Every structure is written in structure tokens, then in C-alpha cells.
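Engineer: Mind folding the following:
(one chain, ligands or ions: 1)
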Amino acid sequence: ASGFIAGADVREFERITDPVRATELAQLGQQVCARLAGLPFPSVAVIHGFCLGGGLELALACTYRLAREDSATRLGLPEVRLGIHPGFAGSVRLPPLVGDLAALDMMLTGRTVSAREARRLGLVDEIVPERHLLHAAETFLKSGKPRRKAPWYRQVPGWKPLRTLVVRLFAPRVRRKAPPDHYPAPWRVLDLWRERATEEQEAQSLGELLVSRSSRNLVHVFLLGEELKRRGKSQAHGVEHVHVIGAGVMGADIAIWAALKGFRVSLQDQKPEILARAMKKAHGFFKSKLKEPRAVQEAMDRFMPDLEGHGLKRADLVIEAIVEQVEPKRELFRLVEQKVRPQTLLATNTSSIPLEEIGAALKDPSRLVGLHFFNPVAQMQLVEIVRGAQSSEESLARARAFTGAIERLPLDVKSSPGFLVNRILMPYLIEAVKLVEEGVGITTIDQAATEFGMPMGPIELADSVGLDICLSVAEELSEPLHMEVPDKLRELVGQGHLGRKTGQGFYRYNARGRRESPPPDKTAADIPITERLVLRLLNEAMACLRAGVVADADAVDAGMVYGTGFAPFLGGPMSYIDSLGVTGISHSLHRLSQEYGPRFKPDAGWSQPELLQRHRLSSNPP
Ligand code: NAI
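Structural biologist: Down below sits the predicted model:
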């Protein structure tokens, strides 16, 4: 029912440890496809729903491909996302069918295409409504038409003298997303294509990649995401109408996202101009995502600005995203509780305030949970489901289900300072600011982090989140977690330099929010920048695990990869710790603590190796 073939069972990959065996298995797949391709009569693949990876490779071995006219039909070769490439001759059969550039694009990005786009590319021969499928298949089989071939001009980039040039054109784009040391798979795709590789070479290369560290970790991350998705599906949320309060950076984005995903949304703010800005943003966002004017209009109809808070009476879920201060939040929830219906679920997007403190304002604190989204909402898939001491199981289950319904990943965390992700991130950000105070250039710091594999550097991240938010989180965490708040951060916030949103933070931004290049740095060559940043992060990750903020090591990995983009090829902080070895890390922490002070003192968790045992997100909540 879910489609044609959605590809391999990824769980099987983890059981294959020998590259030779992996190559043999790919060859078996190739043989099956070759038998299909070599039949003495034509064959047709009739495709509906998912047709991915090995599934598409099987379809490619047929003479013809028909796709059911249906918005759910998706075709693609997403292998690179798991650190591998096609292994059932897909890299050989795709280019002649759709042309070299389209084939490279599909294999390098792993993106999936709709039936309509597949038709345009020549990946399928025809799109047919369900009721005509059999008839169309028969017609194709009897037609005697030759197998489709891309027109000559789409094969020009594959001419031998041009191939090296084409690879050179693709390389910068690939390098930006996938540096070769971290993500070898797309580079292998380019190699195979340039060399016009045979099926045998494809299988050989796949065998090596399948057992590589990069692929192992990407598979680990993928499976964690699947597990979180499953959790978001297993209960009922009973939500039709969402009321969001606070239309700032986060509130507006949460409201817009929920409306995009089909919910009726009212968005409240004290200031009409902020609501107007949110409406404009919503329209632009819906247009870019939905394209069709009717769908855009429908989404706008679901999205209501609500200065007075009329939506509260009808809301099934209220999400608060106002300033990060306890008193205003309490005050607000006191009023909200008076207006909503008894079954309405209440949620706060607070980044750092313990739920119990906010819940103290409520007559029934069991209905309050944390729904902690990450910035930007449209890109970061994670939502921390924060369990306060009084949150009821039912409230938590509904929050998880709602998160799943808006296609985000719910991760259970205990209400404790900074929850999981911000707590782990904060020492890393603070260390970055300390490096600035020591005179290290901001671009040098950011570059060290991106070279390690982070999607953006800590300084740029702080600027994007907002230095005021960073400061209030740092202050909230400073006492319970003994984290120091750097003066530099206070200074910038004091001057009103709050980051991207005010046009200046550590960096300067132009009117369109683009970062201006700062003057070149004087580099501090003898300072171990990457080590200092990363070890503070790992030490805090270990502290969270020991303190039971989440249920197990896998939850730490899932949180950091899906909430911050932590280097997916490393599998998350805990997988990275596993690969480096606990002893080595605690050794380095000791050394740094002697040189730089007690903030590097190894957490007690380093001497409890059992903590690292993986459970693929054990079912016990934290
Ligand atoms: P913001 O300052 O951009 O927006 C807050 C909005 O709330 C403003 O538009 C303000 O007019 C409105 N507001 C304040 N009091 C109100 C009230 N009583 N009734 C109605 N509207 C009111 O703040 P931002 O960054 O969106 O943060 C909101 C919450 O989300 C905070 O709790 C923050 O910790 C949390 N958060 C922020 C993240 C970030 O990256 N900025 C990430 C995750 C959570």
C-alpha cells in the first residue's frame, strides 16, 4: 500500500561488516536487475507511491516505466544521504535515460522527484490515472517502442573531453555540502560517472562505502530519526486549532509551520505591527513552499492574526513564545487558563525556564508541557518534549503526537536547566566567546567548527539565535550548572547589538540580513580552538546523560543532530565519544583543565562507561 518499493531495509546494513560481502550482495542485486533487463520481451514498471533506491533501480531495469497520477508518488536515489551510492546498476542505467546532468543531480543530492517531474526528466514514460494503468501498461508492452533515451543534447556533458570539466563544475557545490573527508559518497558518484564505471566497479565502490564510518553514522542518525517519527505517530493529539502567543522570531515561525501542515492557527501578539510582519512572512513562505495559488490561499485562510486573543476559546493547543522571563510567562498562563476549555493542552516554547516555575501559575499544571522548537523552525526537525514534574502522561502523549503531525521529531527530555540541546550547546558557545575575548578572530573560530563538521560556527549561531536569548539562557544556566557568563556577551547585549535581527552582533549584517565579511583575523596558532570547543560540548553531553536529562546515549545523539545539525557523519556526540574512546577524552579534559581552568573538569559520567550503552532510544522516558 505504501508504494512500489521504498528501497533497502536500512537495518540490514548494520549487520554487514565485510566490504567484500557488501560487494557480493550488490552484485546479487545487479544480477536480478540484469535478468529483468535481459528478458527476450519488453517489461514495464507500474509505479505508485515510493519508488526509491533499489526500488527505482529495479524500475530502471525495465523497458518502460509508468507512474500513477498521484501526488504521493516519489521517485529518487537517496543513497548518498546514507553515505553510499546506488549499487544495483543505477549509476549505469540512469544517465542514458535522463541525461547526465539530471542523473548527477539526482544521485548527488539524493532528492526525490514527483511523478510530474519524473515525466519531464524522462525518468518515467507516462503518467496515467489509476483506472487506466493496466490498459496503458498493455499498450506500452505491445507498442514495440524502443527503450527511451535522453535526447542527444542532454548527453553532451557525458562526452569524454567534457567530463572532467563537468566534475569541476559540480565540485564546489558538493564540497560546500559534503567535504570529501566527511562524506565520501557523492565524490564516488562523481568518480564513477567520470570513469563511465561498469556495474562491477559500482558494486566494488558500494561495498567499501557501506562499511565506512561515515555511512555507519549516517545510518545510525537516519534510524534515530525514524524511531522519533514512529513515536510522533503512535498516539492521538486531538488538535485542530492551535493558538500561538508571541509573534517574534519563534512564535511566528511555529504558527506558520503549523498552518502549512494543515492546522487552523491563530497568532497573538501585543503589537499589531509584529502581527502584520508575521502575515507577510507567512504569505511569502506559503508561496515558496506550496506554489499553487489555491493552496497558498487555503493556507492563508487557516492562518489568523489575533491581537485580542479570541482564538483562545476555540484552541485545542496553546503554544506560548513570548519573552524569556518567568514573570510575564506566569502572568500570561494565569490569564490563558481562565479563557481556554478544560481539555486544551498548554505548551511553552521556553528555552531554559524550568516548567515547574511557569506551571506554578496554573490551577492544573498537569496540562502544561514544554514544546521546545529550534531556530529556524522550518529547518530544524527536532522538538524537545519537556516533561515538568507535574506534566501528565496524557499531555505529553498529545504533545508528541502533535509534533509528529507537523512532521517534526519529538524527543522526550526532563525539565532541567537548558533541557538537552541548549545545555550541551551553551558551554560550547561560551567557550567560543572566551576565545574571542582572548583575541582569536571570529571567522577563525567559526571556521574551526565548520571544519569539524558543524553546519555553522558558534559565533554565527549565537548571532542567528539572538545574543539576548543566548545571554538569558546563559544566565539561567550559570547558577545550577556553574557556567560562567562571558563579559563580552553582556557588553554586546548592553549596546543593543543582538545579532542578525538588529544588524549587528559579533558580525555585522547588511539590510538584507546578509553577513558582511569582517576584517581578516590575526590567528592564534597555539590555541587549540577545535579541541576546546568540542571537548566542552562532549563533557556537557556526558553530564546530561549522567543526570538523566534524556533516557539514553542515542537520545543525546538524536537531539544534537536533529536540533543543532551536529556533524551527522560523526553520528552525534555519543557516537563520536564511542569512536574516540572514553579514556582519551577524559585525559584531554584533564590536560585542558590544568591549562585553562576548572570548566574543563571531566564530568563524573566519564567513569561510568555503562552510560554509553546504546539502546536506540529506550522506551523509558527520562
Ligand atoms: P522575540 O522577542 O522575537 O518575540 C517575543 C514576542 O512576544 C514579541 O513579538 C512580543 O511583542 C511578544 N510578547 C511579549 N509579551 C507578550 C504578551 N504578554 N502577549 C502577547 N505577546 C507578547 O522572542 P523569541 O526569540 O521568539 O523567543 C520567544 C520564546 O521562544 C522565548 O521563550 C525563547 O526562549 C524561546 N526560544 C527562542 C529561540 C530562538 O532561537 N530565538 C529558540 C527556541 C526557543
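Engineer: can you give me the mean pLDDT across stretch 254-271?
Structural biologist: What stretch 254-271 shows for mean pLDDT is 98.
Engineer: Quick check: end-to-end length of that stretch?
Structural biologist: Across stretch 254-271, the straight-line distance between its terminal residues is 18 Å, by CA to CA, to the nearest Å.
Engineer: how distant is that stretch from the center of its chain?
Structural biologist: On the basis of CA atoms, centre = their mean, to the nearest Å, the separation between the geometric centre of stretch 254-271 and that of its chain is 21 Å.
Engineer: now swap in stretch 461-477 and tell me
Structural biologist: Once both centres are worked out by CA atoms, centre = their mean, stretch 461-477 turns out to sit 21 Å from its chain's centre.
Engineer: Give me the buried positions along it.
Structural biologist: 461-474, 476-477 (16 or more other CB atoms under 10 Å). Bear in mind the C-beta positions are built from the backbone N, C-alpha and C, glycine included.
Engineer: For the chain, what lies in contact range of the ligand?
Structural biologist: Contact residues (CB under 6 Å from any ligand atom) of the chain with the ligand: 245-251, 268-271, 274, 321-324, 328, 332, 349-351, 373-375, 465-466, 469.
Engineer: Out of the residues you listed, name the ones that lie in strands.
Structural biologist: When DSSP state E defines the strands, the subset of the residues of the chain next to the ligand inside them is 245, 268, 373.
Engineer: any idea which of those has the most stuff around it?
Structural biologist: When neighbours are counted by other CB atoms under 10 Å, I245 leads these with 28 neighbours.
Engineer: Tell me the pLDDT of it.
Structural biologist: Model confidence at I245, expressed as pLDDT, equals 98.
Engineer: picking that back up, and the buried ones among the residues of the chain next to the ligand, selectable in ChimeraX?
Structural biologist: Selecting just the buried residues from these in ChimeraX takes one command, with 16+ other CB under 10 Å as the test:
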select :245,246,247,248,249,250,251,268,269,274,321,322,324,332,349,350,351,373,374,375,465,466,469
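Engineer: Pick out whichever of the buried residues of stretch 461-477 sits closest to L570.
Structural biologist: Each of the buried residues of stretch 461-477 was scored against L570 by CB to CB, and L461 proved nearest at 17.5 Å.
Engineer: What separation is there between that closest one and P376?
Structural biologist: Taking CB to CB, to the nearest Å as the measure, L461 and P376 are separated by 12 Å.
Engineer: Doesn't A347 lie inside a strand?
Structural biologist: Yes. Following the definition DSSP: H, G, I helix; E, B strand; the rest coil, A347 is counted among the residues of a strand.
Engineer: Bridged to it, which residues?
Structural biologist: Using DSSP bridges, the beta-bridge partners of A347 come out as I319, V369.
Engineer: quick one, what contacts the residue of the chain at minimum distance from the ligand?
Structural biologist: Nearest residue of the chain to the ligand, counting by CB to the nearest ligand atom: G248, 1.7 Å away. The contact partners of G248, by CB atoms under 8 Å, 6 or more residues apart in numbering, come to 269, 274, 321-322.
Engineer: Report pLDDT for it.
Structural biologist: On the pLDDT scale, G248 is placed at 92.
Engineer: Relative to A197, how far out is it?
Structural biologist: Using CB to CB, one gets 52 Å for the distance from G248 to A197.
Engineer: for E292, same thing?
Structural biologist: 40 Å.
Engineer: between the two, which one's more packed in?
Structural biologist: Shown here are E292 and A197; by other CB under 10 Å, A197 has more neighbours (18 against 9).
Engineer: I'd say the more buried one and V92 touch.
Structural biologist: Yes. The criterion here is CB atoms under 8 Å, and A197 meets it with V92 at 7.2 Å.
Engineer: Between the two, which contacts overlap?
Structural biologist: Among the neighbours of A197, none is also in contact with V92 (CB under 8 Å, 6+ apart).
Engineer: what about the spatially closest residue to A567 that is not a sequence neighbour, distance to N217?
Structural biologist: Spatially, and ignoring its direct neighbours in sequence, A567 is nearest to G453 (2.9 Å; CB to CB, 6 or more residues apart in numbering). In this structure, G453 lies at 10 Å from N217, with CB to CB as the measure.
Engineer: Give me the common contacts of these two.
Structural biologist: Contact with both G453 and N217 is made by residues 568-570, according to CB under 8 Å, 6+ apart.
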